[in-house]
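Enquirer: The sequence and its predicted three-dimensional model are supplied below.
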There are 2 protein chains.
Amino acid sequence: MKRRLLLVSNSTLHGGGYLTTANVKRVLFVPYALHDRDAYTKTARDKFSTLGYELDSVHEAQSPVEAVRRAEAIFIGGGNTFRLLKSLYDNEVLTEIRRRVLEDGVPYMGSSAGTNVATVSISTTNDMPIVYPPAFAAIGLVPFNINPHYVDPDPGSRHMGETREQRITQYHEETDTPCVLGLREGSLLLVEGNTASLLGTTKARLFTRGKPPVEYDPGSDLSCLLTR
Amino acid sequence: MKRRLLLVSNSTLHGGGYLTTANVKRVLFVPYALHDRDAYTKTARDKFSTLGYELDSVHEAQSPVEAVRRAEAIFIGGGNTFRLLKSLYDNEVLTEIRRRVLEDGVPYMGSSAGTNVATVSISTTNDMPIVYPPAFAAIGLVPFNINPHYVDPDPGSRHMGETREQRITQYHEETDTPCVLGLREGSLLLVEGNTASLLGTTKARLFTRGKPPVEYDPGSDLSCLLTR
Ligand SMILES: [Ca+2]
Ligand SMILES: [Ca+2]
């Protein structure tokens, strides 16, 4: 499998350096997670320009599917995960993105919501369900789920809603639910073929249904996640 | 309209005192938001017993719809809002709960997820989409939405996900979206017919599409929300 993914926890646009090894000159940007796609594209285009890349936005293409078919690299930015996934379905690009990344080896970068939609489903997003997508199933570039912006419980909090860990535990009360990797701010997952490694500056917390959670240090090999 | 609602921000079971004015002896409990319905029912039953009420759980009834038809009062507890709403649809009780509350004046209490499902839709829940309900439209006992456990931005936070206010603003970027009442921990909304008032110890923050948010003190009359 040719898969090359960079899945970032937060919504910043870094990760451009990742492309230098891939002989990429143009990046296809997917701005669907934010309401103002033009403004979002301008921000991303300016950023990628300073890194030496041209950026096309899928929302500016006459045919979004055709744009995906021609893409040298794909970057899906953050925002609202439900809005993003619904737009991927509405524009019928979800299957084509999967095919390009898994079969053609087109590099994929995702940040925040763009990381959520790269996984099995968006069931462990932190976002509000502001629109109704036709399914929660996502692009499925990896066989597990991610919770971006993972936060540890705050022992001093008087807040009575569930902690993030409790929310993920509720997900695993449902049957046939995959692992969930809690990616804290500052961590990212690099997937190359059947190898996955945790990069960045913070630990990640892995939740497996029916087992206690496990912490992984930056630099850890997480390839085991790809074979489940 | 006979509607009598007590909508609580947090997941505690208080609010039993509310029933004393309604000549109620038995409460129908809806434990669908938690995975272990038996344990949840036992907790609720013990609590309501100390307040002098019998408690039946809808999940113990042969016919959930029939149980709703006979209910003297309905209490929907907190947990995961998606799981709760899906179960309300799967058990075909959603429409019957609406009818009993709006037409027959059966008192309704909701806490957390039970408050979310009393509104127009669950689009402003904080919960993760762990299961896929057939719609996000909810019971619709009031013509607005609520965000329970509302929290203010933490200026010291290094967290890069959206603040709660930003999430609600994203909801209002979508067309035809109703007001959202941000109910902080410790506040509750009492609705009697066409009158609504904010009770509890904390302010509430009202978000209206295209307008700046407004703060309301405990004791405020929020009846205006019912006529939009
Ligand atoms: Ca987000
Ligand atoms: Ca909840």
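Expert: Sure, I can see it. Ligands and ions are numbered 1, 2, ... in the order given.
Enquirer: Taking chain A, what residue is nearest to ligand 1?
Expert: Proximity to ligand 1, evaluated over chain A using CB to the ion, is greatest for residue A:127 at 4.4 Å. Yep, even glycine has a C-beta here, placed from its N, CA and C like the rest.
Enquirer: which stretches of chain A form helices?
Expert: All helices of chain A, identified by DSSP state H, fall at A:37-50, A:64-70, A:81-90, A:94-103, A:113-116, A:164-173.
Enquirer: Make CSV out of these and add mean neighbour count.
Expert: Formatted as CSV, these follow (neighbours: other CB atoms under 10 Å in any protein chain shown):
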stretch, mean neighbour count
helix A:37-50, 15
helix A:64-70, 18
helix A:81-90, 23
helix A:94-103, 18
helix A:113-116, 29
helix A:164-173, 18
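Enquirer: hang on, the earlier thing: can you pull the contacts of the residue of chain A closest to ligand 1?
Expert: The contact partners of residue A:127, taken as CB atoms under 8 Å, 6 or more residues apart in numbering or on different chains, are A:80, A:81, A:82, A:113, B:162, B:167, B:170.
Enquirer: do that again at 6 Å, thanks
Expert: Residues in contact with residue A:127, defined by CB atoms under 6 Å, 6 or more residues apart in numbering or on different chains, are A:80, A:81.
Enquirer: what does the one 5 residues further on give?
Expert: For residue A:132, the residues meeting the contact criterion (CB under 6 Å, 6+ apart) are residue B:136.
Enquirer: any idea how far the residue nearest to the spatial centre of chain A is from residue A:108?
Expert: In chain A, the centroid-proximal residue (CA atoms, centre = their mean) is residue A:115; its distance is 0.8 Å. As judged by CB to CB, to the nearest Å, residue A:115 and residue A:108 stand 10 Å apart.
Enquirer: Then residue A:223?
Expert: Relative to residue A:108, and taking CB to CB, residue A:223 is found at 17 Å.
Enquirer: Low-confidence stretches in chain A?
Expert: A:11-17, A:159, A:228 (pLDDT under 70).
Enquirer: What is the neighbour count of the residue in chain A positioned nearest to ligand 2?
Expert: Closest to ligand 2 within chain A is residue A:162: 5.2 Å, counting by CB to the ion. The local packing of residue A:162 (other CB atoms under 10 Å in any protein chain shown) involves 21 other residues.
Enquirer: measure it to residue A:170 for me?
Expert: Counting by CB to CB - residue A:162 and residue A:170 are separated by 7 Å.
Enquirer: And residue A:49, by the same measure?
Expert: For residue A:49, the distance to residue A:170 - CB to CB - is 43 Å.
Enquirer: Ok, residue A:109 next?
Expert: With CB to CB as the criterion, residue A:109 and residue A:170 are 30 Å apart.
Enquirer: need the strands for chain A, in chain order.
Expert: Applying DSSP state E to chain A gives strands spanning A:4-8, A:26-30, A:54-57, A:74-76, A:108-111, A:145-150, A:180-184, A:187-192, A:195-200, A:204-207, A:214-216.
Enquirer: how about the ones you listed in CSV, adding distance to ligand 1 and mean neighbour count?
Expert: As requested, the strands of chain A are exported to CSV (distance: least, CB to the ion, whole Å; neighbours: other CB atoms under 10 Å in any protein chain shown):
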stretch, distance to ligand 1, mean neighbour count
strand A:4-8, 12, 25
strand A:26-30, 14, 24
strand A:54-57, 19, 18
strand A:74-76, 12, 27
strand A:108-111, 10, 26
strand A:145-150, 8, 26
strand A:180-184, 13, 26
strand A:187-192, 16, 22
strand A:195-200, 18, 18
strand A:204-207, 18, 22
strand A:214-216, 23, 13
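Enquirer: Ok, which of those strands comes nearest residue B:120?
Expert: Among the strands of chain A, the nearest to residue B:120 by CB to CB is strand A:145-150 (27.3 Å).
Enquirer: and that closest one with helix A:164-173, angle?
Expert: 170 degrees (axes from the mean of the first three to the mean of the last three CA atoms, to 10 degrees).
Enquirer: Would you mind getting the angle between strand A:145-150 and strand A:187-192?
Expert: Using the same axes, to 10 degrees: strand A:145-150 against strand A:187-192 is 150 degrees.
Enquirer: which non-adjacent residue is nearest the residue nearest to the centre of chain A?
Expert: Spatial nearest neighbour of residue A:115, chain neighbours left out: residue A:7 (4.3 Å); criterion: CB to CB, 6 or more residues apart in numbering or on different chains.
Enquirer: ok, residue A:48 touching residue A:55?
Expert: Yes: with contact defined as CB atoms under 6 Å, residue A:48 reaches residue A:55; the gap is 4.4 Å.
Enquirer: Now do the shared contacts for these two.
Expert: residue A:27.
Enquirer: out of everything not next to it in sequence, what's closest to residue A:32?
Expert: Nearest one to residue A:32, counting by CB to CB, 6+ apart, is residue A:87 at 3.5 Å.
Enquirer: brain fart, residue A:195
Expert: Looking at residue A:195 with CB to CB, 6+ apart, the closest residue is residue A:223, at 4.9 Å.
Enquirer: Sort out which residues of stretch A:151-167 are buried, please.
Expert: Across stretch A:151-167, burial judged by 16 or more other CB atoms under 10 Å in any protein chain shown covers A:151, A:160, A:161, A:162, A:164, A:165, A:167.
Enquirer: Can I get these in TSV including distance to chain B?
Expert: Below are these laid out as TSV (distance: CB to the nearest CB, whole Å):
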residue	distance to chain B
A:151	6
A:160	4
A:161	4
A:162	7
A:164	9
A:165	12
A:167	5
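Enquirer: Return the member of these nearest to residue B:202.
Expert: Distances from residue B:202 to these, taken by CB to CB, are shortest for residue A:160, at 11.9 Å.
Enquirer: What residues does chain A have near ligand 1?
Expert: Counting by CB under 5 Å from the ion, chain A comes close to ligand 1 at A:113, A:127.
Enquirer: can you do 8 Å?
Expert: A:11, A:33, A:78-81, A:112-113, A:125-127, A:148-149 (CB under 8 Å from the ion).
Enquirer: Within range of ligand 2, give me the residues from chain A.
Expert: So chain A meets ligand 2 at A:161, A:162, A:167 (CB under 8 Å from the ion).
Enquirer: need the contact list for the closest residue to the first one other than its chain neighbours.
Expert: Spelled out, that is residue A:161. Among residues not flanking residue A:161 along the chain, residue B:149 sits closest, at 3.8 Å (CB to CB, 6+ apart). By CB under 6 Å, 6+ apart, the residues touching residue B:149 are A:161, B:9, B:126.
Enquirer: Surely the second one is in contact with residue B:183?
Expert: The reference is to residue B:9. Yes: if you go by CB under 6 Å, residue B:9 and residue B:183 touch, sitting 3.8 Å apart.
Enquirer: Verify the stated contact: the residue nearest to residue A:195 with residue A:198.
Expert: No: using CB under 6 Å, residue A:223 makes no contact with residue A:198, being 10.7 Å away.
Enquirer: Thanks again, I'm all set now.
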